[in-house]
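Colleague: Okay, structure incoming, though there's no sequence with it:
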């Protein structure tokens, strides 16, 4: 996918706003700045514990804006519906879209609907299930908010807003027909208000990204590659629910590589780390926020996990089979 | 589709900006106003004479903005690619996206790519062909531009910027394996500069819409229903190419109901009609612009065609089988 995008998609469309391949682009506009993003959702099954494709589509686009420090102004919604999709499913998904948008304080202001012919169902986890959703979003951020990997420096703290791996494990457990005594639920949620709580707290945030596809390992690899610095995280500090831990073992997955859809990874100056965690914990979506590690100048630049056993493990960027389609 | 949208999609998502179900929504913003729109494209075949799904995706979204009197500021591009789509096809579509965006003077600033499993090909014209594209667009329009059916009054002139039915007939001819001596080409094109030429000419435009799905008949039905006034058009004034006329006969289609993707229907005051046509003709995309009819207070409100033979025919809004998927 990275090769497809870098070698085939980017060259013909190249321009300085697209080139960073960020979650969202800042428009040629100012005070407040306008931010613009898009995402398509092809998840199967369409509904899973804790959410559905509609909640995912709203949260995902709102979160792409929030990671740029922006509040959503408006969303678009484009549905591609396969003939035969039960109207009851569509209705539940639309209600979920409406509820999630309300949670984020934003409206769907424009849309499009296409109906396509029913196609044969494929068994793979990459098959879609009768409905594709695209959302795009416009957000505004106050002039002066500056976030970017160029601001990250040795000594900075790495913070995560809550338990990791929930979304991907919830979807994959349903897909594999595995049930747990304690319910495993997707954490899909719009993060704009949580992020605003952090920014309003006077915490100088340097960089934010939501650990979606590729999980925490993917975001840490982005930080490492984008800064040329090493990222050290401590296994004992990683928030993870016992059920998620158990599910990951059963599915043979490393929770570090599994997606969230309602968490933020933030880089802040070390001196601001305690305040950042305290601010996040004042918000219902940030109750389990934790400082999980730090940026160091160690060479060569790596992502390292300090294990409970006292060892060190190199964390690689996940690829291929490690990246099941969960959105 | 209209029932699906009005009865199922709109109620849970209801808000005053979405409710008009216009081509695009005006955002809560001012001076200049911001306009936002989205469209998905599922056309089959992906390539056809005069264009491809990429040109369509850029032109369609730019035109939704242009119909609101806005110039595009930025586009998003989301691809859903089926495994097995030849890379050469993807490359041509991307080049076409880049070229069409350049023609419109806008850039793709943000995007998303998903790959889904190959599905069995269906024979119907509603099957997609290995690639779905969504584009969303943000546009700006000068404060003070006011367009809307509430401004349309008896006596106003109806203008079309060129020959009708070209896009739909080009796509359907390919789909049915019909060839013509004179090539039938899609007219897919971004109209923002043509519209700007019209607006810069000091012509007071009251309403604009591009005759895409549903063709000219669909736009005239919108005007009639939205105003409660009758629309009269004259067959002898309708610009249509001889090849399109011939193709429509062979395919058993009424050209009035067949889509364009590079034409605008405008309503202007009668006194401004000649100037509007003259302005449109100064632009390469408007060479065959024509005044084709007028709005009258006749009751009941209908769309009427004054035929070459001197008769009158009521033009209905096309539906169902008359609406093959061409975008």
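Modeller: Now that the structure is in, tell me what you want to look at. Predicted model only: the values in this text are computed from it and were never measured.

Colleague: quick one, helices of chain A?
Modeller: A:2-3, A:10-13, A:53-66, A:87-104, A:166-175, A:192-200, A:215-227, A:242-251, A:273-281 (DSSP state H).

Colleague: now the ones you listed in CSV, with mean pLDDT and mean neighbour count?
Modeller: Glycine gets a C-beta too; all of them are placed from N, C-alpha and C. Listed next are the helices of chain A as CSV, based on pLDDT from 0 to 100; neighbours: other CB atoms under 10 Å in any protein chain shown:
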stretch, mean pLDDT, mean neighbour count
helix A:2-3, 82, 8
helix A:10-13, 93, 16
helix A:53-66, 98, 29
helix A:87-104, 97, 18
helix A:166-175, 94, 26
helix A:192-200, 96, 21
helix A:215-227, 96, 22
helix A:242-251, 94, 17
helix A:273-281, 98, 19
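
Colleague: Now these in CSV, please, with extra columns for distance to chain B.
Modeller: Below are the helices of chain A laid out as CSV (distance: least, CB to the nearest CB, whole Å):
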stretch, distance to chain B
helix A:2-3, 10
helix A:10-13, 4
helix A:53-66, 8
helix A:87-104, 4
helix A:166-175, 14
helix A:192-200, 16
helix A:215-227, 16
helix A:242-251, 20
helix A:273-281, 27
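
Colleague: can I get these in TSV with distance to residue B:53?
Modeller: Shown next, in TSV, are the helices of chain A (distance: least, CB to CB, whole Å):
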stretch	distance to residue B:53
helix A:2-3	23
helix A:10-13	15
helix A:53-66	22
helix A:87-104	25
helix A:166-175	30
helix A:192-200	33
helix A:215-227	31
helix A:242-251	37
helix A:273-281	43
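
Colleague: For residue B:132, find the nearest of the ones you listed.
Modeller: helix A:53-66 (14.9 Å; CB to CB).

Colleague: ok and that closest one relative to helix A:87-104, angle-wise?
Modeller: If you take axes from the mean of the first three to the mean of the last three CA atoms, to 10 degrees, helix A:53-66 sits at 30 degrees to helix A:87-104.

Colleague: elements contacting helix A:53-66?
Modeller: strand A:33-41, strand A:71-82, helix A:87-104, strand A:131-141, helix A:192-200 (3 or more CB pairs under 8 Å, 6 or more residues apart in numbering or on different chains; DSSP states H and E).

Colleague: And the ones you listed: which comes nearest residue A:275?
Modeller: Here helix A:192-200 is closest among those (CB to CB), at 9.5 Å.

Colleague: who's in contact with that closest one?
Modeller: With CB atoms under 8 Å, 6 or more residues apart in numbering or on different chains as the test, helix A:192-200 has contacts from A:62-63, A:65-67, A:69-72, A:104-105, A:145, A:161, A:205, A:208, A:264, A:266, A:276, A:279-280, A:282-283, A:285-286.

Colleague: from the middle of its chain, how far away would it be?
Modeller: The chain centre lies 16 Å from the centre of helix A:192-200; the measure is CA atoms, centre = their mean, to the nearest Å.

Colleague: what does stretch A:88-105 give?
Modeller: On CA atoms, centre = their mean, the centre of stretch A:88-105 falls 19 Å from that of its chain.
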